[in-house]
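Student: got a predicted structure plus its sequence, pasted below:
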Amino acid sequence: MFLGTHNPKLDEKGRLILPAKFRDGLGDGLVMTKGQERCIVIWPADSFQEYAESLRTRSTNNEKVRAYTRVFFSSAFDDVADKQGRVTIPTPLRQWAGLNRDLVVVGADTRIEVWDVAAWEHYLALQEPGFSTLDEEILP
């Protein structure tokens, strides 16, 4: 489980140093892809595989399923963190998420999200006011 909010920097080569507490969960490799709200999602390789398998159960006769899977898988990159815990975020993903030097890395249970600082702050400003009532909709 990935938890917490961290503020690493992106280096000049497009590398992100993953928070130390996240590295063990990514030891067998990871997959990065586009996430909703213009963030990047980093999945442990095995969790990505499970999610991919759940997508395979959806009907490809559905136009929305085809559109989602095309964008999702075509934007995916696999990687393994180096000994310093660094991963390179490919240019297309950096551009998608509008990433510059200052980042926010969020633990989101089974995945990690990487945000531009300003985008994350904007997202929180919109979502936090309604946070206390969301549980009524999400939890039975």
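Tutor: Perfect, I can see it now. Numbering: from 1, shown residues only.

Student: which residues of this protein fall in helices?
Tutor: Remark: helices assigned in the chain by DSSP state H are 20-23, 45-56, 63-74, 91-97, 117-127, 131-138.

Student: now do the first one: distance to the chain's middle.
Tutor: The reference is to helix 20-23. Relative to its chain's centre, helix 20-23 lies at 15 Å (C-alpha atoms, centre = their mean, to the nearest Å).

Student: what's that helix in contact with?
Tutor: Here helix 20-23 makes contact (C-beta atoms under 8 Å, 6 or more residues apart in numbering) with 2, 4, 81, 85, 105, 107, 112. Any C-beta I mention is one placed from the backbone N, CA and C, and that applies to glycine too.

Student: if you skip the residues just before and after it, what's nearest to the residue positioned nearest the centre of the chain?
Tutor: Centroid check for the chain by C-alpha atoms, centre = their mean gives Val41 as the closest residue, at 1.2 Å. Leaving aside its chain neighbours, Val41 sits nearest to Gly35 (3.8 Å; criterion: C-beta to C-beta, 6 or more residues apart in numbering).

Student: and the lowest-mean-pLDDT helix or strand in the chain, how far out from the chain's middle?
Tutor: One helix or strand of the chain scores below all others by mean pLDDT, DSSP states H and E: helix 131-138, with a mean of 78. Its chain's C-alpha centre and that of helix 131-138 lie 22 Å apart, by C-alpha atoms, centre = their mean.

Student: which residues touch Thr5?
Tutor: 104-107.

Student: equivalent analysis for Gly4, please.
Tutor: Residues near Gly4 by C-beta under 8 Å, 6+ apart: 19, 21, 106-107.

Student: I'd like those residues as JSON lines, with pLDDT, distance to Tyr123 and neighbour count appended.
Tutor: What follows is these, written out as JSON lines (pLDDT from 0 to 100; distance: C-beta to C-beta, whole Å; neighbours: other C-beta atoms under 10 Å):
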{"residue": "Pro19", "pLDDT": "94", "distance to Tyr123": "19", "neighbour count": "17"}
{"residue": "Lys21", "pLDDT": "94", "distance to Tyr123": "22", "neighbour count": "12"}
{"residue": "Val106", "pLDDT": "97", "distance to Tyr123": "10", "neighbour count": "18"}
{"residue": "Gly107", "pLDDT": "97", "distance to Tyr123": "15", "neighbour count": "18"}
